[in-house]
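Trainee: I would like the atomic coordinates for the input below:
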Amino acid sequence: MRIFNGIDDFAQCVGEEIGVTEWRTITQDDIDAFAKVTNDHQWIHVDTERAASGPFGTTLVHGYMTLALVSGFLFDTYRIDGLSMGVNYGSNKVRYPAPVLVGSSVRGRIRLVSVDREDKWAQSTVQVTVEQELNGEAKKPGCVAEVVSRLYKAPAA
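Mentor: Below is the predicted model:
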């Protein structure tokens, strides 16, 4: 966990990698829970028998589930002190270079792209690369996303 002392400290790292998370293994239970919440029950994700004879030989993690992991990766990687709050403002670019198969381990590699300042807040853009490995073998990233956050300064005491 990297801790920044305010927006100015954070902004000094533009262009740098600011952290890498621990590995997390994605289970079929994780995929099924995501399918239930999103109502996306496509067979390639949830039907283990049918997927076994499909093009990947097993079930796939939903692309949007892979993207949803990004939020937790940010919380696991860094904290900015001196804020009243930070909010998700959206994504500039999201790509899925390779499928993520059930049983894969994933982690986030975080790079600060930009910090644009306003009077009472700043807007940060962070690139998160969701790296993956399966059975100890590195694979192409499952997702690369630029996420945008609004960072609100804490009121002066």
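
Trainee: which helix of the protein spans the most residues?
Mentor: helix 63-77 (DSSP state H).

Trainee: can you list contacts of it?
Mentor: For helix 63-77, contacts defined as CB atoms under 8 Å, 6 or more residues apart in numbering pick out 1-2, 18-22, 24, 26, 30-31, 34, 38, 40, 88, 91, 94, 96, 100, 106-108, 110, 126, 128, 130, 142-143, 145, 147, 149. Glycine gets a C-beta too; all of them are placed from N, C-alpha and C.

Trainee: got the buried residues for that helix?
Mentor: By 16 or more other CB atoms under 10 Å, the buried positions in helix 63-77 come out as 63, 65, 66, 67, 69, 70, 73, 74, 76, 77.

Trainee: Pick out the residue closest to the middle of this structure.
Mentor: In the chain, the residue lying closest to the centroid (CA atoms, centre = their mean) is residue 70, at 1.4 Å.

Trainee: Take the helix or strand that comes right after the longest helix of the chain, keep the C-alpha atoms, and write them as CSV.
Mentor: Per DSSP states H and E, the first helix or strand lying C-terminal to helix 63-77 is strand 78-81. Extracted C-alpha coordinates of strand 78-81, given in CSV (Å, rounded to 0.1, in the frame of the first residue of the first chain):
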residue,chain,number,x,y,z
TYR,A,78,-2.7,3.3,-2.9
ARG,A,79,-4.4,5.8,-0.6
ILE,A,80,-4.4,9.6,-0.8
ASP,A,81,-4.6,11.3,2.6
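
Trainee: ok now the helix or strand following strand 78-81, how far from the chain's centre?
Mentor: As assigned by DSSP H and E, the chain's next helix or strand after strand 78-81 is strand 83-95. Mean-position distance between strand 83-95 and its chain equals 11 Å (CA atoms, centre = their mean, to the nearest Å).

Trainee: what helices or strands is strand 83-95 leaning on?
Mentor: For strand 83-95, the packing partners by 3 or more CB pairs under 8 Å, 6 or more residues apart in numbering; DSSP states H and E come out as helix 63-77, strand 137-153.
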